[in-house]
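Novice: fold the following for me, if possible:
(chains A, B, C and D)
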4 protein chains.
Amino acid sequence: MLRVGIVGGSGYTGSELIRLLVMHPEQVELVCVTSRSLAGQRVSHVLPNLRGLVDLTFENPDIEKIAGETDIVFLGLPHKFAMAFAPGFLDLGVKVIDFSADYLFKDVNFYEKWYQKHTSPHLLAEAVYGLPELHRAEIREASLVANPGCYPTGAIFALLPALESGVVETDGIIVDSKTGISGAGRTPSATTHFPNRYENFTAYKIGEHRHAPEMEQELGEAIGKGVSLCFVPHLVPMTRGILTTAYLKLSKSVSTKELLEIYSRRYEGEPFVRVLDEGEIPQTQAVRGSNFCDVGVKVLAERNLAVVVSAIDNLTKGASGAALQNMNILAGFDETAGLLSPGLMP
Amino acid sequence: MLRVGIVGGSGYTGSELIRLLVMHPEQVELVCVTSRSLAGQRVSHVLPNLRGLVDLTFENPDIEKIAGETDIVFLGLPHKFAMAFAPGFLDLGVKVIDFSADYLFKDVNFYEKWYQKHTSPHLLAEAVYGLPELHRAEIREASLVANPGCYPTGAIFALLPALESGVVETDGIIVDSKTGISGAGRTPSATTHFPNRYENFTAYKIGEHRHAPEMEQELGEAIGKGVSLCFVPHLVPMTRGILTTAYLKLSKSVSTKELLEIYSRRYEGEPFVRVLDEGEIPQTQAVRGSNFCDVGVKVLAERNLAVVVSAIDNLTKGASGAALQNMNILAGFDETAGLLSPGLMP
Amino acid sequence: MLRVGIVGGSGYTGSELIRLLVMHPEQVELVCVTSRSLAGQRVSHVLPNLRGLVDLTFENPDIEKIAGETDIVFLGLPHKFAMAFAPGFLDLGVKVIDFSADYLFKDVNFYEKWYQKHTSPHLLAEAVYGLPELHRAEIREASLVANPGCYPTGAIFALLPALESGVVETDGIIVDSKTGISGAGRTPSATTHFPNRYENFTAYKIGEHRHAPEMEQELGEAIGKGVSLCFVPHLVPMTRGILTTAYLKLSKSVSTKELLEIYSRRYEGEPFVRVLDEGEIPQTQAVRGSNFCDVGVKVLAERNLAVVVSAIDNLTKGASGAALQNMNILAGFDETAGLLSPGLMP
Amino acid sequence: MLRVGIVGGSGYTGSELIRLLVMHPEQVELVCVTSRSLAGQRVSHVLPNLRGLVDLTFENPDIEKIAGETDIVFLGLPHKFAMAFAPGFLDLGVKVIDFSADYLFKDVNFYEKWYQKHTSPHLLAEAVYGLPELHRAEIREASLVANPGCYPTGAIFALLPALESGVVETDGIIVDSKTGISGAGRTPSATTHFPNRYENFTAYKIGEHRHAPEMEQELGEAIGKGVSLCFVPHLVPMTRGILTTAYLKLSKSVSTKELLEIYSRRYEGEPFVRVLDEGEIPQTQAVRGSNFCDVGVKVLAERNLAVVVSAIDNLTKGASGAALQNMNILAGFDETAGLLSPGLMP
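Specialist: Numbering: from 1, shown residues only, chains lettered A, B, ... in the order given. A predicted model of the protein is given here:
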């Protein structure tokens, strides 16, 4: 029996994780969910979809207590707060899967440029970027898994095979992403205010979103060469889903069919990445609530461009589904356990 | 030239009022908009739809200053705050159109039961309930107009002719209303958080919403007899619109055609109430952004019931359009000036 | 190994059934899905959420062939077409779960009044109304299960305990329901045209929807006494979910707490009906994509009314989830097998 | 008094045009609206937002009759059908504003490559591309105005000043556009089926949409040099609005401030193009239902890129508002007459 806990469980990563754990077929027990703001409230009261399925109460976080009753903890805390907890759990022998940005970067300067002073930089070297499709073997041995950001997940799946194969240039890449509003989290704000988003579409943080350096780090490391991309995120009036449209300049002449083969070969055996047939284009609804990432490819020869589109659910493959996938790997379960539900369509 | 001001202009009543004033064909000048929280910010920065159309800056409210430059002020403040301003403006000879609940009730006990202690109860007698379809003559002479609530507007239009005509019973009435989310105002909250509302539908405040006594007061006064109704509001995942489905027990046998005639006769000459033909059912989109109220009627003889459906835009006929209609009456303009735009469909 | 087939699998009942079967933990094999219009197309091409999970091709319906390879067939055909298939399968020893209205009514005259001439009226007596919460024992022995309509499912769960207990009157009931657009099926029409529904809310078929007699039949049979209700459906701009607000006149004085106890007792042991605590109100999102029905109750003593609200997913508990529940019963599986996924929230 | 008619008035261009004409302050009379499919039906029955505002009945198109009673006709017909009507009206002295693609291209080969055989190629030379911001003087003298496509309108406003100024390269341009579903027209289809679009986001016609050559023609002509762009449209789950995100490679070093000045200067005096301040980003809601185009600019120096975002309402500035603007010019009215309504926000 694997015992897990969620520290910082009041956000969407927490609720999605609980939803997925409820459906997990293996011997996993969720023993605690913490939230300072919700402490004392029943989980199924706050999350009525879980009524009758989860019998837990939000509690205040207590590292020692939780370490005594869990094998793995998920940290659903904002960056800065995560690094206040992770070292403690690791010291007590509990493995950590962290949703924050605190352990995503290899280079502490990088982190400190985009975020703030790091309080446990010594852990950056041992932390593993939790994208199994890139780092499966390291995750298996890891104690600290840094769960990828939602945009980077969609972008990396769109860009990786083309970059690895060398048929596209490594600079001048455009990543135009569109996200559902749940990406902004559970805390109400003007950005998430229903009338501000309904029948509205806009861009934000043009070229300055912190997920861009995360993409560049992972892609650069994967191909052993610097990658330069322009990332522009947009807000879609829907709750779940990220569609990423990536534009890559061809450095070699390839057809759509050939590029599709490159993608198919790269993702062969990957249980959650589905390369669509020629002419098919991903849509977010096909992966809604699921751990799949759909990828479609089209070469525009006369423009010397490859256009690659990927779709994920930002809360599932973009967050909690990936975390559960990492948990499965850490625990030695089948990597797909509890994660093969089809998207909710329509 | 009519000079008007908006005190408490940061909410949706304020922004909708400015939108409508911009399109007003008569000599009306909006001379100031106040908001403590937005003071110093340009109106067209906060409300980018007004860019190039409005050249004003939100300012702090100053009764004396505003009174010196306006003929009419709109109070877009929450209840309790409105009654802190209204007496001052009235004393200085400025007419007031108030969006709050502070002057809606004739009986101060009634107000104090549902809201709080009233600080200017002497004004309740002179305040006029600002539904021109009920109180046109009094509004013309008024200094203080209490602008109706959004739900009461939709419900009164649905119920009034049937009750006045005596073909239905005055008790056991069911008013099942459905509102867009803008009804909850501009302040973000869990209720208005996009992911909480999108693909979601629910009821709230079952039988205990404060708009119910407002409906009962006005309908009761109109027919000179107490009216008893059960009011249940619901939240629709859309921004604008209220659809009200009302169920009335027949006290006399009438056909749909006969009841439609009663409605048509009652609303004959009313520029903003449109009685639909037999078989047609109102829909909120047909009145979106407009000052119209559409009403449809159906008698279910075998159930001894009349079902009446009304549709309004909660921000327009349900709030700021009605306020402008009141302003037109107060100023001696054509009552429809600036208010005959069709609904935005689709 | 249970072998099942879907005849008429191109609609939403078909796609939802496949989605649920994919997640079913027992030995169930979906051996065929038919659709004349999609014959020859891969299921995972038409339904891209199923890519990688289902390896079937839509085929033309052939009763003999299908009967030879299945134990149970689901008929996802429109009414009239279902009765062209059901007798054939039954004759060949295959059990039938029918989504149409063809076998819902006990009284053939009733059916023929609302639908058309019945071509296999002799089967009406043996068909069982497939709501396990009403007819579990009979379903277990049935060959032909008539799967309930979506609105009746929501309404029956809202009304049943109150009616059975005798604390409410059996006439004058108001059932005001609100449905997501998927209830209109997969075929595009003006009603389902996105711009016609987005930011729009309306009622339809006021007092004349064919689901009303279905409700009256089942409720009347359950309490051994005629029930009379007025049913008005509405269209909500969302895809999934039905919220039903029911208004019942009290015949005895009960408190909310007492009525809640009546509901809790009635649904004790029912795995899919969740009675909410006092003060809680169902919302469709909490059951989205799930087989649960949430029920909330409030007594308005001063109005002499009980207001009961229920929420279901029209495609799951309102259609394919219920069908799978029936399949589990027929097959002797745990009734909840594959059906305990929480709602997708947010 | 200007007399106008709409031929092919059953689509969204027709309904939006009528909505705008109803609000037009000048002496314009809409004398007829034709539609073969709706002939005999009242306009206000089909378009209930117009109830009480428009007293017309859809009629069958009759060129001679209409020519006798109108000065200008709008052709709201699909391409191919428009060119069956335009020559007739022109011969009879009626000016034509055409919504189809039939007269958009100067080069008949171009048209015939993307569409079909042209039946009145002699008119291509005299037709004027109806974007006043590019061709105001020619429109004033024109008899045949080809109203621009919705995507080209948004894209041209985003790209034009940068290209004209020479600070960006003329090839390698990426135009990533996102449209509301009304862009697909009034005819129901799988693409516009509500459940297919709600909580869904996807791309379509990647690099092969027919609006791309239209953009290239107009931009190329404007700068006297070929322009090459990759255009990818996307479907947003909303009804109205197009947001275009354009990526341009800098050929000279400019700051955001400098590029903004280029844009501001170019659009100075243009009543409908609003250049936003540094740091502001357009959003579709700010122009919903209005004739404005909002443009925002950002230079990413380290990427050597300019990102320009524009927002329009596809039915207004992207179609019928532009047509009315053209009508105003043709008729000698103030170009902004009836077109300065603010966007419907929220």
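
Novice: and after the lowest-mean-pLDDT helix or strand in chain A, which helix or strand comes next?
Specialist: When the helices and strands of chain A are scored by mean pLDDT, DSSP states H and E, helix A:108-114 comes last with a mean of 91. Following helix A:108-114 in sequence order, the next helix or strand is strand A:128-129 (DSSP states H and E).

Novice: coming back round to it: for the least confident helix or strand of chain A, buried residues please.
Specialist: A:110, A:111, A:114 (16 or more other C-beta atoms under 10 Å in any protein chain shown). Using the backbone N, CA and C atoms, a C-beta is placed for each residue, glycine as well.

Novice: ok, it near chain D or not?
Specialist: No. Taking C-beta under 8 Å from any C-beta of the partner chain as the criterion, helix A:108-114 and chain D are apart, separated by no less than 13.4 Å.

Novice: gap between that helix and the chain center?
Specialist: 20 Å (C-alpha atoms, centre = their mean, to the nearest Å).

Novice: for residue A:307, helix, strand, or coil?
Specialist: With DSSP: H, G, I helix; E, B strand; the rest coil as the basis, the three-state label of residue A:307 is strand.

Novice: helix, strand or coil: sort out the residue located most distally from the centre of chain A for me.
Specialist: What lies farthest from the middle of chain A is residue A:302; by C-alpha atoms, centre = their mean that is 34.5 Å. Of the three states, residue A:302 takes helix according to three-state DSSP.

Novice: distance of it from residue D:247?
Specialist: Between residue A:302 and residue D:247 the computed distance is 18 Å (C-beta to C-beta, to the nearest Å).

Novice: what ranges do the strands span in chain A?
Specialist: Secondary structure of chain A, counting by DSSP state E: strands at A:2-7, A:28-34, A:72-75, A:95-98, A:128-129, A:144-146, A:173-179, A:202-203, A:229-235, A:242-249, A:273-275, A:293-300, A:305-312.

Novice: the first one close to chain C?
Specialist: No. No part of strand A:2-7 sits close enough to chain C to count as contact by C-beta under 8 Å from any C-beta; the gap is at least 15.3 Å.

Novice: tell me what angle that strand forms with strand A:28-34.
Specialist: Inter-element angle recorded for strand A:2-7 and strand A:28-34: 20 degrees (by axes from the mean of the first three to the mean of the last three C-alpha atoms, to 10 degrees).

Novice: leaving out the residues flanking it, which one is nearest to residue A:221?
Specialist: residue A:106 (7.7 Å; C-beta to C-beta, 6 or more residues apart in numbering or on different chains).

Novice: quick check: residue A:280 touching residue C:44?
Specialist: No. Applying C-beta atoms under 8 Å, one finds residue A:280 not in contact with residue C:44, separated by 10.7 Å.

Novice: quick check: neighbours shared by the two?
Specialist: Common contacts of residue A:280 and residue C:44 (C-beta atoms under 8 Å, 6 or more residues apart in numbering or on different chains): none found.

Novice: flag every residue of chain A that's near chain B.
Specialist: Counting by C-beta under 8 Å from any C-beta, chain A sits next to chain B at A:12, A:180-182, A:186, A:188-190, A:192-195, A:197-199, A:237-239.

Novice: buried only: go through these for me.
Specialist: Buried among the residues of chain A next to chain B (16+ other C-beta under 10 Å): A:12, A:180-182, A:186, A:188, A:192-195, A:197-199, A:237-239.

Novice: mind naming the longest helix for chain A?
Specialist: helix A:150-165 (DSSP state H).

Novice: what's the angle between that one and strand A:293-300?
Specialist: Counting by the same axes, to 10 degrees, helix A:150-165 lies at 50 degrees to strand A:293-300.

Novice: which secondary structure elements does helix A:150-165 sit against?
Specialist: helix A:132-141, strand A:173-179, helix A:211-223, strand A:229-235, strand A:242-249, helix A:256-267, strand A:293-300, strand A:305-312 (3 or more C-beta pairs under 8 Å, 6 or more residues apart in numbering or on different chains; DSSP states H and E).

Novice: 7 Å instead?
Specialist: Helices and strands touching helix A:150-165, by 3 or more C-beta pairs under 7 Å, 6 or more residues apart in numbering or on different chains; DSSP states H and E, are strand A:173-179, helix A:211-223, strand A:242-249, helix A:256-267, strand A:293-300, strand A:305-312.

Novice: turn these into CSV, including mean pLDDT.
Specialist: Shown next, in CSV, are the helices and strands packed on helix A:150-165 (pLDDT from 0 to 100):
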stretch, mean pLDDT
strand A:173-179, 98
helix A:211-223, 97
strand A:242-249, 98
helix A:256-267, 98
strand A:293-300, 98
strand A:305-312, 98
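
Novice: and among those, the most buried is which?
Specialist: Highest mean neighbour count of the helices and strands packed on helix A:150-165: strand A:305-312, a mean of 28 (counted as mean count of other C-beta atoms under 10 Å in any protein chain shown).

Novice: so what touches it?
Specialist: Residues outside strand A:305-312 that contact it (C-beta atoms under 7 Å, 6 or more residues apart in numbering or on different chains) are A:153-154, A:157-159, A:162, A:168, A:241-250, A:259, A:281-284, A:286-287, A:293-300, A:318, D:203, D:206-207, D:230, D:232.
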